[in-house]
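**Q** okay, here's the prediction I keep looking at, along with the sequence it came from:
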Amino acid sequence: MTDDDRTRTVRQYRRFAEVEAVDTSPLYAELAAAVAGDEELLDFLLALPAPKRQPNLLFAAVTFLHGTPRGPAELRGRVRDDGERVRATMLARFTQTNEPGRCAALVTALGAVEGPVGLIEVGSAAGLCLYPDRYSYDFDGRFVGRRSAVHLTCSTTGPVPVPDDVPEVVARVGVDRNPLDPADAGDQAWLRALIWPGPSEGARLDRLAAAAELAAQEPPTVLRGDLVDRLPEALALLPAGCTPVVFHTAVLMYLERARREEFVALVRSLEVRWIAQEMPGVLPGAAGSVGAPGRFVLALDGRPLAVTAPHGGRIDWLTGG
Ligand SMILES: C[S@@+](CC[C@H](N)C(=O)[O-])C[C@H]1O[C@@H](n2cnc3c(N)ncnc32)[C@H](O)[C@@H]1O
């Protein structure tokens, strides 16, 4: 462990407090700010491999084992008293937040793709974003799809091309290095623990449960492994006569820059449409230079279309998007 590691971890937690959680989870913002200034908690984190030090993973592990800590003192107490289990959970699990709310942005981009479509989601977690056709939507009072148990409300600015209907999906294939099973109680509990406490927590928990039930009834085909390695196989699973669409949301930040570039070069070499919804600066190419801190960028075939709320619920269409 080096001083640089400590500084990087402090910066990571401060950024989480000041940018990522500040608007949506005041409690997690408070916890992250406390971790950044707590030598004991930093020592605990620094004993873990670097990719396992993320705020999301620490808070989810504590929540999974003990419920949401009500403040910094409770977080410290949990880690002090039950550090071994918190550590084991952080090592065994990954940040795999699966947010069906991201499908609202997805359907606006899919509206520009000729159907029927075959969907390939890389970084699919439990596959809950593979059902945009099974969900219903309310874009500022413009309704799309037949009312579903997963009903997504989304506010918009700019000329969002709200589609007349949900896309026709004829195949769904996921790729994930650690697929989660939407029917498994343990995986469901982990997905619940990944939802941040805050004003939208209740709605997010409800739609997670509804989407998991739907996915469990009609599970997608999921390939286990790395998204670059397995994408060609995933593509080969799609039936003839559909437009292949490769998409990913909140995934590429887990890849090294060089690997992201490899992925983008691969996607561009395939005859597919490509939809990305990622943090600003993550996507190689034009879409990487668009966005705002704490927001995502929605892009179609590498062209930025909109800035979106990371857990869904808002789309700001870009001029010329
Ligand atoms: C934050 S989750 C997002 C899940 C889903 N796309 C969503 O938006 O709800 C990121 C997912 O990407 C997966 N992942 C990360 N790196 C990967 C890689 N190199 N290959 C395959 N999957 C990966 C993780 O296992 C995790 O399930």
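**A** Cool, the structure landed.

**Q** CA only for contacts and neighbour counts going forward, please
**A** Fine.

**Q** just the helices in the stretch 201-321 of the chain please.
**A** Counting by DSSP state H, counting those that start in this stretch, the stretch 201-321 of the chain has helices at residues 201-217, 227-236, 257-269.

**Q** out of the ones you listed, which is closest to the ligand?
**A** Among the helices of the stretch 201-321 of the chain, helix 227-236 comes nearest to the ligand, with 3.9 Å by C-alpha to the nearest ligand atom.

**Q** got the angle for the closest one vs helix 257-269?
**A** Between helix 227-236 and helix 257-269, the angle comes out at 20 degrees (axes from the mean of the first three to the mean of the last three C-alpha atoms, to 10 degrees).

**Q** which of the residues in helix 227-236 are buried?
**A** Neighbour-count burial for helix 227-236 flags 227-228, 230-231, 234-235 (criterion: 16 or more other C-alpha atoms under 10 Å).

**Q** what's near enough to touch Leu194?
**A** Applying C-alpha atoms under 8 Å, 6 or more residues apart in numbering to Leu194 gives the contacts 56-57, 59-60, 95-97.

**Q** give me the pLDDT for it.
**A** On the pLDDT scale, Leu194 is placed at 98.

**Q** how deep is Gly320 tucked in, by neighbour count?
**A** 9 (other C-alpha atoms under 10 Å).

**Q** again with Gly158
**A** Gly158: 13 neighbours (other C-alpha under 10 Å).

**Q** what's it sitting at in phi/psi?
**A** phi 80, psi 180 (degrees, to the nearest 10).

**Q** distance of it relative to the ligand?
**A** 23 Å (C-alpha to the nearest ligand atom, to the nearest Å).

**Q** which is the succeeding secondary structure element to the longest helix anywhere in the chain?
**A** In the chain, taking DSSP state H as the definition, the longest helix is helix 72-92. Note on helix 72-92: by DSSP states H and E, the next helix or strand toward the C-terminus is helix 103-110.

**Q** the contacts of Leu194 also near the ligand: which ones?
**A** Contacts with the ligand within these, as defined by C-alpha under 6 Å from any ligand atom: 95-97.

**Q** residue contacts, the residue of the stretch 201-321 of the chain found nearest the ligand?
**A** Closest residue of the stretch 201-321 of the chain to the ligand, C-alpha to the nearest ligand atom: Asp226 (3.5 Å). Going by C-alpha under 8 Å, 6+ apart, Asp226 touches 175-177.
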